[in-house]
Each structure stands twice: as C-alpha cells, then as structure tokens.
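> Quick check, what structure comes out for this input:
(one chain, ligands or ions: 2)
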Amino acid sequence: MSKTYALANQKGGVGKTTTAINLGAYLALSGMRVLLIDIDPQANTTSSLGFDKNDLPLSIYDALINQVPIAKIILLTDLLCLELVPSTPALAGAEVEMVGLLAREHLLRKAIAPVVERYDYVLIDCPPSLGLLTINALTAAADGIIIPVQCEYLALEGLTLLIHTVNLVRDSLNPGLRIRGLLMTMYDTRTNLSQQVVEEVRKHFADKVFDTLIPRNVRLSEAPSYGETILSYDPQSKGGLAYRALAQELIAGDNLKL
Ligand code: ATP
Ligand code: MG
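Ligands and ions are numbered 1, 2, ... in the order given. From the prediction side, this is the model:
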C-alpha cells in the first residue's frame with residue numbers, strides 16, 4: 001500500500017525541502033521505493049539532488065499544464081529507489097495558467113495516479129504559500145500532510161491558517177487528508193527557546209508531533225550544494241542520524257514492513 005504525503009507549511013525556510021530529500025533518502029535506504037515530487041517553482045529539491053533546474057527537458061509543469069505522462073518526467077537519482085519529478089522556474093506561471101483549467105485542484109492527483117502504486121512513498125515538496133500549487137499537493141496527498149515547524153519564536157504563528165486550509169481541502173477535495181505529523185526542525189540543544197517551542201507545539205498538537213526532533217546541523221545545509229543528501233554527504237552527522245530516525249518512525253507508524 002503506497003503512502004502519499006505533502007510536506008507543507010506556507011512559512012518559508014522551515015525545512016520542507018531538507019526533509020523531503022533526506023527523509024526520502026533514508027526511506028529509500030530502508031528498502032522503500034520513493035518518489036519525490038517537486039512542486040515548488042524555486043525547484044530546491046531538484047537542485048539539491050544535483051539537477052540543473054534551468055536545463056531539464058521536462059518537469060512537473062508539463063504534467064500539470066501539458067498533460068505529459070508523469071512516467072516520462074521521472075528522473076533517477078544517485079540513490080537506488082529514490083526517484084524525482086523535477087520542478088522548474090517556469091512553474092511560477094502555472095498557478096495563473098491553471099486557474100482556467102477544469103478541475104484545477106485535481107491536476108496533480110490525476111497526473112500521479114498512474115504511477116503512485118509503483119512506490120511505497122510519494123513525498124510532495126510544496127512552495128511556501130497556500131496557492132493553487134499547494135492546494136494541488138494537498139488534494140493529491142491521499143495519506144496526509146507532514147508539517148515541518150521551525151523551533152523558533154512565533155513557531156505557532158500561521159499554523160492556524162494552515163490547519164484551516166487542510167480542513168477546507170479535506171471537506172471539499174480530499175476526504176483522506178489528515179495531519180500525519182508535525183516535525184520540529186532546526187532544534188537547538190543549546191537554547192531553552194527550542195525546548196519551549198517543542199513543549200508549546202506538543203501542548204497544542206499532542207501526539208501529532210513526531211518524537212524525532214531534527215537538530216540544527218550545518219552539515220544538513222551544506223549537503224545540497226554538493227548535490228547530495230545527508231545520507232551520502234555525512235550520515236554520521238546529527239542531522240543524518242535524525243533523518244534516519246524519522247524514516248524509521250514514519251515506517252513504524254505506517255505499519256509498513258521493512
Ligand atoms: P522554502 O519555504 O523556501 O521552500 P523550506 O521550508 O523548504 O524553504 P529548507 O530549504 O529545507 O526550507 O531550509 C531552509 C534553509 O535552512 C536551507 O538553507 C537549509 O539548508 C537550512 N536548513 C534546513 N534544515 C536545517 C537544519 N536542521 N539545520 C541547519 N540548517 C537547516
Ligand atoms: Mg523548499
């Protein structure tokens with residue numbers, strides 16, 4: 001049984017992309033077949049895996065707007081079992097072009113439907129907005145949303161609006177949409193603030209918060225500039241160990257067999 005999750009938070013720079021690529025890598029290492037879908041015009045997932053976002057024959061744009069079969073767009077990565085539907089800056093215009101299309105919220109869901117069952121996990125990396133691209137991701141996310149939350153002052157700010165959007169999408173577009181988990185990112189063991197933020201978020205969301213905390217770790221921010229995931233760049237780093245633990249926690253919670 002395939003699991004499809006959207007990594008979403010309209011707040012920028014909270015760790016959506018870092019989580020998509022590194023969680024994806026460790027799920028693949030565990031023997032899961034993983035498809036990453038980059039639906040952010042910034043195309044950071046695409047670049048982080050070593051692809052040139054300005055020099056791709058096809059991208060998610062073509063699947064959404066030109067009905068190109070998604071199977072023709074999928075790229076293999078350096079890691080066995082980790083595949084990618086890349087993005088491109090041209091996707092920025094797609095939001096406007098999509099407005100005139102029929103069933104515009106369902107374009108991504110329909111595009112990926114033919115391939116979803118080939119994978120154990122499909123992870124969709126969203127842009128930092130609640131526009132039509134994110135709505136498409138939430139509509140396609142049959143098994144829920146994973147919300148990275150940065151351990152910083154005002155972390156809860158904006159979450160109310162995000163949850164409201166999730167509820168709207170669940171009621172009208174995707175009945176299966178649920179919050180799979182909130183993931184605390186950039187946790188800094190040296191500050192009380194990080195700990196306070198985690199406590200605060202746990203108070204509000206209780207068991208919806210993943211046990212695994214992702215520490216602030218410079219190795220995680222270095223890896224993308226080499227086109228690598230933390231798995232190949234520095235698996236023994238604190239960031240590497242944390243994403244390994246997150247993959248195990250997700251698999252265990254999903255009751256998927258290793
Ligand atoms: P956007 O909203 O722009 O798409 P995002 O939510 O995808 O951003 P990332 O791109 O994953 O966030 O992270 C933002 C920046 O913080 C990046 O430079 C990334 O390398 C860095 N970063 C992410 N997680 C960590 C971490 N745990 N420790 C240190 N740096 C991190
Ligand atoms: Mg991103």
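> who's in contact with the nearest residue to Thr229 once chain neighbours are set aside?
Once flanking residues are discounted, Thr229 sits nearest to Ala25: 3.9 Å by Cβ to Cβ, 6 or more residues apart in numbering. All C-beta atoms are positioned from the backbone trio N, CA, C, and that covers glycine. Applying Cβ atoms under 8 Å, 6 or more residues apart in numbering, one finds that Ala25 lies in contact with 79, 82, 229-232, 243.
> Buried among those residues? Need that as a selection in PyMOL.
What follows is the PyMOL syntax for the buried subset of those, where burial is set by 16 or more other Cβ atoms under 10 Å:
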select buried, resi 79+82+229+230+231+243
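> Would you tell me which one of the contacts of Ala25 comes nearest to ligand 2?
Of all these, ligand 2 sits closest to Thr229, with 14.5 Å by Cβ to the ion.
> Pretty sure Tyr121 is one of the things Lys3 touches, is it not?
Yes: contact criterion Cβ atoms under 8 Å: Lys3 and Tyr121 qualify, at 5.4 Å.
> Looking at those two, which is more packed in?
For Lys3 and Tyr121, the more surrounded residue by other Cβ atoms under 10 Å is Tyr121, and the numbers stand at 26 against 21.
> List the residues that contact the residue of the stretch 151-258 of the chain found nearest ligand 2.
Distance from ligand 2 to each residue of the stretch 151-258 of the chain (Cβ to the ion) is smallest for Pro224, at 10.4 Å. Taking Cβ under 8 Å, 6+ apart, we find Pro224 in contact with 18, 21, 44, 47-48.
> can you tell me which of these are in helices?
Among these, DSSP state H puts 18, 21, 44, 47-48 in helices.
> I'd like those residues laid out as TSV, including distance to Asn192.
Output for the ones in helices among the contacts of Pro224, formatted as TSV (distance: Cβ to Cβ, whole Å):
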residue	distance to Asn192
Thr18	24
Ile21	30
Asn44	31
Ser47	35
Ser48	31
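> Model confidence for the closest residue to ligand 1 within the stretch 51-200 of the chain, exactly?
Of all residues in the stretch 51-200 of the chain, Pro128 sits closest to ligand 1, at 3.3 Å by Cβ to the nearest ligand atom. In this prediction, Pro128 carries a pLDDT score of 98.
> for ligand 2, what are the nearby residues on this protein?
16-17, 44 (Cβ under 5 Å from the ion).
> Helices of the protein, residue ranges please.
Defined through DSSP H, the helices belonging to the chain, from first to last, are 16-29, 44-48, 60-65, 94-98, 107-112, 132-140, 159-172, 192-205, 218-222, 230-233, 238-254.
> how about the ones you listed in a markdown table, adding mean pLDDT and distance to Arg180?
Rendered in a markdown table, the data for these read as follows (pLDDT from 0 to 100; distance: least, Cβ to Cβ, whole Å):
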| stretch | mean pLDDT | distance to Arg180 |
| --- | --- | --- |
| helix 16-29 | 98 | 12 |
| helix 44-48 | 98 | 19 |
| helix 60-65 | 97 | 22 |
| helix 94-98 | 91 | 25 |
| helix 107-112 | 98 | 17 |
| helix 132-140 | 97 | 12 |
| helix 159-172 | 96 | 11 |
| helix 192-205 | 94 | 12 |
| helix 218-222 | 98 | 21 |
| helix 230-233 | 97 | 21 |
| helix 238-254 | 97 | 8 |
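> Mean neighbour count, those: which tops it?
When neighbours are counted by mean count of other Cβ atoms under 10 Å, the highest per-stretch mean among the helices of the chain falls to helix 16-29, a mean of 27.
> quick one, that one and helix 238-254 angle?
In this structure, helix 16-29 runs at an angle of 70 degrees to helix 238-254, with axes from the mean of the first three to the mean of the last three Cα atoms, to 10 degrees as the basis.
> CA atoms only for helix 16-29, dumped as CSV, please.
Listed in CSV are the C-alpha atoms of helix 16-29, where the atom choice follows Å, rounded to 0.1, in the frame of the first residue of the first chain:
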residue,chain,number,x,y,z
LYS,A,16,10.2,21.3,3.9
THR,A,17,12.8,20.7,1.2
THR,A,18,15.5,19.5,3.6
THR,A,19,13.0,17.0,5.0
ALA,A,20,11.8,15.9,1.6
ILE,A,21,15.2,15.0,0.3
ASN,A,22,16.7,13.5,3.4
LEU,A,23,13.6,11.7,4.7
GLY,A,24,13.2,10.4,1.1
ALA,A,25,16.9,9.2,1.1
TYR,A,26,16.5,7.3,4.4
LEU,A,27,13.2,5.7,3.3
ALA,A,28,14.9,4.5,0.2
LEU,A,29,17.8,3.2,2.2
